[in-house]
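**Q** got a predicted structure plus its sequence, pasted below:
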Amino acid sequence: MNRSTTILLNLVLVGCLGLFLWWAEGNLDGYKIQILNLIAVNIILALSLNLIYGFTGMFSLGHAGFMAIGAYVCSILIMTPEQKETLFILQEALPWVQNSHAPFLVAVIAGGAVAALFGLVIGAPLLRLGDDYLGIATLGFAEIVRVIANNIPRVTNGALGFKGIPDHANLWWNYGWCLLTLYFVIRILNSNTGNVFKAIRDDETAAKAMGIDVFRIKLLSFTFGAFFAGVGGALLASLLTTIDPKMFLFTLTFNVLMIVVTGGLGSITGSILAGTGITVMLEWLRFVENPVTIGDWTLPGIPGMRMVVFSLVLILVILFRREGIMGMREIHWGTVARLIKGGKA
Amino acid sequence: MNLATFIQHFLNSLTLGSLYALIAIGYTMVYGILRLINFAHSEIFMLGAYLVFWGITLFHLPWPVAMVASIILVAGIGILVDRIAYRPLRDAPRISALISAIGVSFFLQNVAIVFFQAIPRQVYRPAWLENPMIWGEVRVLPLTLFVPLLSLFLMLALVYIVYHTKAGLGMRAISKDIETSYLMGVSVNKVIALTFGIGSALAAASGIMWALRYPQLQPIMGAIPGFKAFIAAVFGGIGSIQGAVIGGLALGFIEIMTVAFFPDLAGYRDAFAFVLLIAILLVKPTGLLGVKTEDKV
């Protein structure tokens, strides 16, 4: 399979996705479109965590923190000054919060950039820690972000959060960002830097002995991951149109972690498949939480049941299929071609 | 601040600190043996409090009986969690067990939401713990003396088990070197199960007393105290029981005293522990009493 055929096939695939989105926009109802949007955002988040954890081996539980930063920065920028005037009822907003305004594209990039900056600043001291210590420390970071967001009402409107954030994040924006993330992650993983990421994941001590500046490379991967987590948070804010500190609890990180682990740590295709599958299931399972009527027989809804099912899925995946759906394998055009020819994939 | 208020703050710190310490012991014992952060520990804490509530409201048990029953049941749940979710992963990479632990934590939390509903519940408090004792200007709830005393008793019992029984010897052996312990004929799985049992029982005791101190039950009530107690364990040096106790008490004092002296910081209360965590990990990653281990190639 040569390079130009692959590029052509990729373009065809993107074209098909475009056609599908165009069809979806006209023919599907708002609820289904919302699910499609969530799929794109979840894939972005999963890819960014996979870059940090699956490919570079840094166990980070700070995703909710980066998402919160991206979401708040983006929302502050896309809301008009008049809107902010009516929103900050408890305490009036700081002047720079009140007056800053930017188009959606700039706002999302800014959200990602600020998250990346935080990634850089906290990564520098924290990435010296190993495995589970890093997990706990990044979790601590996410909690600190949430507590601070609660306590600076002049910037974040405190516990009330933001309502009525302009809903710019439509299918085109979300899938555009999703493709961009995908493209970027694939490019970096196929480069030499990507090989170094994997070398660090597989054996940090050996990588160090080979003369790799482990710390610098880890920081690079962490910062990129933080950037896309921020972008994901920014898109999510505009998609849901309301945010508040409570939204960025550990549960949010848990959902992303579940997608990455189920899909397969270190597999891009796995993140995409699991991102799609789990988002659909999360929505579909809402029926167990709502009352169901079959004939004249009504089952009461069971709140919380959805997460019971999902935590069970995670435990079962870890116990019985630790490598997830895909393990570290990928589906690419080469695999597809071999399948069509009938050979062994 | 006058002396009377200071004494009250001091006793409050001691109460909160001993509650943290009891939870932290469970974290530190499991980490010392399996190198696993048992995320489900905070849910074990929550279950302890809920089972007492159930025992009293559904089965009309007297309070002390309900308390003992809950501690025993929760110890069983702790052992069960190890058997189902951690034991199959003993030979897996450490992170797999950690993810399993996160899964169990969410599972128990949401099962609690399904069974107990998310609405906060009021807890029964025995009257003798509530009538304040007054010495001059100092008003003290018997509760703030009861909690540290009971905690002290439980900790002494623990020290006896760990340092003066055969099972305790097994625990200490496993935490030094699990493979050699196998070779020396320690029944490793039994000792680990016992460790989970003891840790869970202490967490349950802490949860029950927490519910007396802050009388409201919620399925997510374990999350924050659990994280903080884990931080206390890291602060004291994870793997060390004395460290967990010192860390727990230190955290209790830091939280209460900082708010007492700087009331403006009250909103940031839940962040203190995390700041402390990041600080200690950067300065002395092994904690106050921890032992440094080197990476071997």
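**A** That came in fine, so what should we check first?
**Q** so A:G211, which state does it fall into?
**A** Secondary structure state of A:G211, per DSSP: H, G, I helix; E, B strand; the rest coil, is coil.
**Q** what sits against the one residue in the stretch 151-300 of chain A that gets nearest to chain B?
**A** Relative to chain B, the nearest point of the stretch 151-300 of chain A is A:N151 (4.3 Å; CB to the nearest CB). Any C-beta I mention is one placed from the backbone N, CA and C, and that applies to glycine too. Counting by CB atoms under 8 Å, 6 or more residues apart in numbering or on different chains, A:N151 touches A:G158, B:G267, B:Y268.
**Q** element containing the residue in the stretch 101-250 of chain B that chain A sits nearest to, please.
**A** Using CB to the nearest CB, the single residue of the stretch 101-250 of chain B nearest to chain A is B:I113, 3.2 Å away. B:I113 belongs to helix B:94-116 when assigned by DSSP states H and E.
**Q** which residues of the stretch 151-297 of chain B score low on pLDDT?
**A** In the predicted model, the stretch 151-297 of chain B carries pLDDT under 70 at residues B:291-297.
**Q** before we move on, the earlier item: now the contacts of A:N151: which count as buried?
**A** Buried residues within those, counting neighbours by 16 or more other CB atoms under 10 Å in any protein chain shown: A:G158, B:G267, B:Y268.
**Q** now tabulate the residues you listed in JSON lines and tack on distance to A:F248.
**A** Formatted as JSON lines, the buried ones among the contacts of A:N151 follow (distance: CB to CB, whole Å):
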{"residue": "A:G158", "distance to A:F248": "14"}
{"residue": "B:G267", "distance to A:F248": "17"}
{"residue": "B:Y268", "distance to A:F248": "16"}
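**Q** up against chain B, what does the stretch 51-200 of chain A have?
**A** Residues of the stretch 51-200 of chain A lying near chain B by CB under 8 Å from any CB of the partner chain: A:59, A:125-126, A:128-129, A:131-133, A:135-137, A:139-141, A:143-144, A:147-148, A:150-151.
**Q** low-confidence bits of the stretch 1-150 of chain A, can you list those?
**A** Those would be A:1, if you go by pLDDT under 70 across the stretch 1-150 of chain A.
**Q** give me the secondary structure label for the residue in it positioned nearest to chain B.
**A** As assessed by CB to the nearest CB, chain B sits closest to A:G140 within the stretch 1-150 of chain A, at 3.6 Å. Under the three-state scheme (three-state DSSP), A:G140 adopts helix.
**Q** over to B:L61?
**A** coil.
**Q** ok, it - how many residues close by?
**A** By other CB atoms under 10 Å in any protein chain shown, the residues close to B:L61 number 17.
**Q** need the per-residue pLDDT for the residue in chain A that chain B sits nearest to.
**A** Among all residues of chain A, A:G304 sits closest to chain B, at 3.2 Å; criterion: CB to the nearest CB. Looking at A:G304, its pLDDT reads 73.
**Q** ok, and the closest non-adjacent residue to it?
**A** With sequence-adjacent residues excluded and distances taken as CB to CB, 6 or more residues apart in numbering or on different chains, A:G304 is closest to B:I113, at 3.2 Å.
**Q** just checking, that neighbour touches A:P303?
**A** Yes. At 6.3 Å, B:I113 counts as touching A:P303 under the criterion of CB atoms under 8 Å.
**Q** neighbour-wise, which of these two wins?
**A** B:I113 (20 against 15).
**Q** what's next to stretch B:112-119, contact-wise?
**A** Outside stretch B:112-119, the residues touching it (CB under 8 Å, 6+ apart) are A:302-305, A:307-308, B:43, B:46-47, B:50, B:217-219.
**Q** out of these, which end up buried?
**A** Looks like the contacts of stretch B:112-119 have A:G304, A:M305, A:M307, A:V308, B:E43, B:M46, B:L47, B:Y50, B:L217, B:Q218, B:P219 buried, using 16+ other CB under 10 Å.
**Q** can you show me the strands along the stretch 151-300 of chain A?
**A** Ranges of strands in the stretch 151-300 of chain A, per DSSP state E, counting those that start in this stretch, are A:292-294, A:297-299.
**Q** oh sorry, the question was meant for chain B
**A** B:121-122, B:133-135, B:138-140, B:216-217 (DSSP state E).
**Q** any chance of these in a markdown table with distance to chain A as columns?
**A** As requested, those are exported to a markdown table (distance: least, CB to the nearest CB, whole Å):
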| stretch | distance to chain A |
| --- | --- |
| strand B:121-122 | 15 |
| strand B:133-135 | 35 |
| strand B:138-140 | 31 |
| strand B:216-217 | 15 |
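**Q** most tightly packed of the ones you listed?
**A** strand B:216-217 (a mean of 16; mean count of other CB atoms under 10 Å in any protein chain shown).
**Q** what packs against it?
**A** For strand B:216-217, the elements it packs on are helix B:41-59, strand B:121-122, judged by 3 or more CB pairs under 8 Å, 6 or more residues apart in numbering or on different chains; DSSP states H and E.
**Q** can you list those in a markdown table and add mean pLDDT?
**A** Listed next are these as a markdown table, based on pLDDT from 0 to 100:
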| stretch | mean pLDDT |
| --- | --- |
| helix B:41-59 | 91 |
| strand B:121-122 | 83 |
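**Q** so which of those is the most surrounded?
**A** Counting by mean count of other CB under 10 Å, the most buried of the helices and strands packed on strand B:216-217 turns out to be helix B:41-59, with a mean of 23.
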